[in-house]
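*Asks:* Structure for the following, please:
(one chain, ligands or ions: 2)
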Amino acid sequence: MEAEGEKQWSSLIVPSVLEIVKEKNFTTIPPRYVRLDQEKTEILNDSSLSSEIPVIDMTRLCSVSAMDSELKKLDFACQDWGFFQLVNHGIDSSFLEKLETEVQDFFNLPMKEKQKLWQRSGEFEGFGQVNIVSENQKLDWGDMFILTTEPIRSRKSHLFSKLPPPFRETLETYSSEVKSIAKILFAKMASVLEIKHEEMEDLFDDVWQSIKINYYPPCPQPDQVMGLTQHSDAAGLTILLQVNQVEGLQIKKDGKWVVVKPLRDALVVNVGEILEIITNGRYRSIEHRAVVNSEKERLSVAMFHSPGKETIIRPAKSLVDRQKQCLFKSMSTQEYFDAFFTQKLNGKSHLDLMRI
Ligand SMILES: O=C(O)CCC(=O)C(=O)O
Ligand SMILES: [Fe+2]
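*Replies:* Ligands and ions are numbered 1, 2, ... in the order given. Reported below is the predicted structural model:
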């Protein structure tokens, strides 16, 4: 069942990059993908900063004895990095392998099949791109598939029912496992921040969870294109799986791009803008981007967790009282995303909308 009266976001329909790459005589990158507008900031790909990205052990986080130190690490990671890798999260590695294979198969379905799941004009979910607001806008070197997974009443039945059944089942399991992880992380954050349930955790009770699968085909001139333009996630919390161990995710730390090296079976977790608002700026949503390479395709599965669309997001009162200032306005999740999806991706520009 689809929720009635729910406002739809939309994005202009764009070609499939995977189809461009498959064309027999493909050698030249179409001009709309050539990005001379991207920052040429220094990229750190040595093991120095990359290996400093915090790694949080979920088992330790949840065990009483080691809780304190792991909790402090979580707090530090969210304040200083806005990103961490989560290990021992409880999702079976054989299940993750199955998900990875099915995700790859899904993008490799014949175009005739994928077309049935393509975004329709004026719609937002399905195969396609998001944040495309003008015909002149430069495009990213990648295809996406987007789907709302929670709440169940908001699922688009015309898409869900057309997913290959084994893949649908795998997605449902993954969605519920990741949702439980997000819930624990919100609770741990609230406890270390010493804020009340109703100020943070409860806002995610009617969680709006969506999945975005990113497929970045190889590109003969990877320096000319961008897999995913630099941005910060509008959501509360993102949990990302770097599917086939191919590097590409970079995060901005102290003015430099730091490579997030894929760690087997780890999930990459990052603070989104809504969490930055709720924590009154204590936790930071960090700009990140995805680059591509000339040899191998890259895939990632992002799961975004935000409060329900009608929920009002605002800085937690306990933090505002302690910090003696309120940095952001209040707004519903729906209003926040209305503004987000009518812009092209542009760093953290839309968070400024909420600043007081
Ligand atoms: O592909 C990646 O590693 C990053 C994906 C991402 O940032 C997103 O989908 O918001
Ligand atoms: Fe992102």
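*Asks:* So which bits of the longest helix belonging to the chain are buried?
*Replies:* The residue-count maximum for a helix in the chain (DSSP state H) belongs to helix 165-193. In terms of neighbour count (16 or more other C-beta atoms under 10 Å), helix 165-193 has its buried residues at 167-168, 170-171, 174-175, 177-179, 181-183, 185-186, 188-190, 192-193. The way it works is simple: take the backbone N, C-alpha and C, and place the C-beta from them, glycine included.
*Asks:* Over to stretch 317-327?
*Replies:* Quick answer for stretch 317-327 (16+ other C-beta under 10 Å): 318, 319, 320, 326, 327.
*Asks:* on that earlier part again, which strands and helices sit next to the next helix or strand along the chain from the longest helix of the chain?
*Replies:* The helix or strand immediately downstream of helix 165-193 is strand 208-216, counting by DSSP states H and E. When contacts are defined as 3 or more C-beta pairs under 8 Å, 6 or more residues apart in numbering; DSSP states H and E, strand 208-216 packs onto helix 93-107, strand 143-150, helix 165-193, strand 298-306.
*Asks:* what does the stretch 101-250 of the chain have sitting close to ligand 1?
*Replies:* Residues of the stretch 101-250 of the chain lying near ligand 1 by C-beta under 6 Å from any ligand atom: 212, 214, 228, 233, 240, 242, 248, 249.
*Asks:* Grab the two from the residues you listed that are most spread out in space.
*Replies:* Within those, two members stand farthest from each other by C-beta to C-beta: 233 and 248, at 16.2 Å.
*Asks:* show me where pLDDT drops low in the chain?
*Replies:* Scanning the chain for pLDDT under 70 picks out 1-7, 9-11, 37-50, 66-67, 132-133, 345-346, 349.
*Asks:* distance of residue 350 from residue 235?
*Replies:* Separation of residue 350 from residue 235 (C-beta to C-beta, to the nearest Å): 12 Å.
*Asks:* Ok, residue 282 next?
*Replies:* Using C-beta to C-beta, residue 282 is found at 17 Å from residue 235.
*Asks:* which one of the two has more residues nearby?
*Replies:* residue 235 (27 against 21; other C-beta atoms under 10 Å).
*Asks:* out of the residues of the stretch 101-250 of the chain next to ligand 1, which one sits closest to residue 203?
*Replies:* Of all these, residue 233 has the smallest distance to residue 203: 16.4 Å, by C-beta to C-beta.
*Asks:* so how many other residues sit close to that closest one?
*Replies:* So residue 233, with other C-beta under 10 Å, has 24 neighbours.
*Asks:* which residues touch it?
*Replies:* 270, 272, 273, 285, 302, 304 (C-beta atoms under 8 Å, 6 or more residues apart in numbering).
*Asks:* With residue 146 instead?
*Replies:* 124, 125, 126, 128, 130, 210, 211, 212, 213.
*Asks:* As JSON lines, those residues with neighbour count would be great.
*Replies:* Converted to JSON lines, the contacts of residue 146 look like this (neighbours: other C-beta atoms under 10 Å):
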{"residue": "124", "neighbour count": "17"}
{"residue": "125", "neighbour count": "25"}
{"residue": "126", "neighbour count": "20"}
{"residue": "128", "neighbour count": "23"}
{"residue": "130", "neighbour count": "19"}
{"residue": "210", "neighbour count": "19"}
{"residue": "211", "neighbour count": "19"}
{"residue": "212", "neighbour count": "19"}
{"residue": "213", "neighbour count": "22"}
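*Asks:* So residue 344 lies in a helix, does it not?
*Replies:* No: per DSSP: H, G, I helix; E, B strand; the rest coil, residue 344 lies outside any helix segment and is coil.
*Asks:* I'd assumed residue 130 was in contact with it.
*Replies:* No: using C-beta atoms under 8 Å, residue 344 is not in contact with residue 130; the gap is 9.9 Å.
*Asks:* circling back to that earlier point, now list whatever residues contact both of residue 350 and residue 235.
*Replies:* Common neighbours of residue 350 and residue 235, using C-beta under 8 Å, 6+ apart, are residue 273.
*Asks:* how much space between the residue lying closest to residue 314 once chain neighbours are set aside and ligand 1?
*Replies:* In space, and not counting its chain neighbours, residue 314 is closest to residue 330: 3.8 Å by C-beta to C-beta, 6 or more residues apart in numbering. Applying C-beta to the nearest ligand atom, to the nearest Å, the value for residue 330 to ligand 1 is 25 Å.
*Asks:* Show the contacting residues for residue 330.
*Replies:* 312, 313, 314.
*Asks:* same deal with residue 274?
*Replies:* Counted by C-beta under 8 Å, 6+ apart, residue 274 has contacts 234, 235, 236, 306, 307, 313, 333, 336.
*Asks:* before we move on, back to that, looking at the contacts of residue 330, which has the most residues close by?
*Replies:* Using other C-beta under 10 Å as the neighbour criterion, residue 313 leads these with 22 neighbours.
*Asks:* who touches that residue in this structure?
*Replies:* So residue 313 contacts 203, 274, 277, 278, 307, 330, 331, 332, 333, 336 (C-beta under 8 Å, 6+ apart).
*Asks:* can you count the residues close to residue 72?
*Replies:* Using other C-beta under 10 Å, residue 72 has 11 other residues around it.
*Asks:* Hmm, residue 73 is touching residue 56, no?
*Replies:* Yes: the pair residue 73 and residue 56 passes the contact test of C-beta under 8 Å, sitting 6.0 Å apart.
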